[in-house]
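> This is a predicted model, with the sequence first.
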Amino acid sequence: MASPSDPRSYDFEGLRARVLPDRGGRVDDSIPQLADADPDLCALALALPDGDVRSSSQSDVAFSLQSAVKPFLFALALLDTDGEALDRVGIEPTGEAFDALKLESGTGRPPNPMVNAGALLTASLVDGDGVEGRMERISRGLAAFAGRALEVDEAIAHNEHLLGDRNHALAHLMRAEGTMRVSADDAVAVYARACATMVDAETLALMGATLALGGVNPRSGERVVPARVARDVVSVMATCGVYDGSGRWMRAVGIPAKSSVSGAIVLSVPGRLGAAVVSPPLDAQGTSVRGRLIAETLGEDLGLHSFATG
């Protein structure tokens, strides 16, 4: 059997050119900034264990993390609560949309940290005195995962907070169940700002690599979270990261990942590398159409499928 291709010599531009003609999907329009996204934006990047990053053109174009922030919020909540977050949020896939108004029956917990209810709760569990303290903690944590300071688009954060009616409803529902211990508005404000954090494909690939490599950022060398936390986060990405399409994703792509309505997907191949793709048009599950094609091709070409045996 031939060995998998070397990521350092992979033809990233060739893969990008192959998927660009695909016009499927639609750009999310839940807030004006997402609706205005360039549908022709398409970039991919890989981050390797030595900190080397290989990428295509447009990999330096900034976009908001949106739901791709959820694995990192979960990691920070696990770290700051010494694992208690695992008792406060479920880890089972739902088979439902990411913003479904539904909690676990009998417990009132969010079903998992990769849906909106779970992310609202994990963002409320990080250390910090009030809204500003938790926002600052998340900002520092995301910067450590990225290996550099990250900016927040305040206009996006404002609109996420203002127009996030379902997020407000989920937070109030968790408050009513006794699951959420901060005010609903505070929870939504913190989560909205985290979603508005700006990255590019290269930065997001490094963030994915930090999880894939046991919590150590491959470029800065900083241990961001313990290996057990990274393991737990990547495990839940594998089962829940692509919402009600997670089973199909793992069968076809086989790489733990988290999708996002900005068209971003962060991927973590345990022990090997991190990757990111971004292209705004989404399928019915809220996953980038071109991003899925890119991830599936990378998995096949580089031998990254978690369950491939030959």
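Everything's here; your move. Numbering: from 1, shown residues only.

> other SSEs contacting the longest helix along the chain?
Using DSSP state H, we find that the single longest helix of the chain is helix 130-146. Contacts defined by 3 or more Cβ pairs under 8 Å, 6 or more residues apart in numbering; DSSP states H and E place helix 130-146 against helix 70-80, helix 116-125, helix 184-195, helix 201-212. Glycine gets a C-beta too; all of them are placed from N, C-alpha and C.

> Buried residues in the third one, which are they?
What it means is helix 184-195. Neighbour-count burial for helix 184-195, counted by 16 or more other Cβ atoms under 10 Å, picks out Ala184, Asp186, Ala187, Val188, Ala189, Val190, Tyr191, Ala192, Arg193, Ala194, Cys195.

> What is the nearest of the residues you listed to Asp40?
Cys195 (23.1 Å; Cβ to Cβ).

> Not counting its neighbours along the chain, what's nearest the closest one?
The shortest distance from Cys195 to any non-neighbouring residue, by Cβ to Cβ, 6 or more residues apart in numbering, is to Gln66 (4.9 Å).

> now do Gly51
Arg219 (3.7 Å).

> any idea how far that neighbour lies from Ala264?
Noted for Arg219: a distance of 19 Å to Ala264, by Cβ to Cβ, to the nearest Å.

> Those two - which one has more neighbours?
Ala264 (27 against 18; other Cβ atoms under 10 Å).

> Next, that one: phi, psi?
phi -90, psi 150 (degrees, to the nearest 10).

> Likewise for Val199?
According to degrees, to the nearest 10, Val199 has phi -140, psi 180.

> Just the buried positions in the helix or strand harbouring Arg290, please.
In this structure, Arg290 is located in helix 289-301 according to DSSP states H and E. Neighbour counts over helix 289-301 (16+ other Cβ under 10 Å) mark Val289, Arg290, Gly291, Arg292, Leu293, Ile294, Ala295, Glu296, Leu298, Gly299, Glu300 as buried.

> Touching it from outside, list them.
For helix 289-301, contacts defined as Cβ atoms under 8 Å, 6 or more residues apart in numbering pick out 4-5, 10, 15-16, 18-20, 22, 24-25, 42, 44, 46, 249, 252-255, 257, 259, 263-265, 267, 275, 277-279, 281-283, 304-305.

> Low-confidence stretches in the protein?
1-4, 310 (pLDDT under 70).

> Tell me where it has helices.
12-19, 32-35, 70-80, 85-88, 116-125, 130-146, 154-163, 165-177, 184-195, 201-212, 227-240, 246-252, 289-301.
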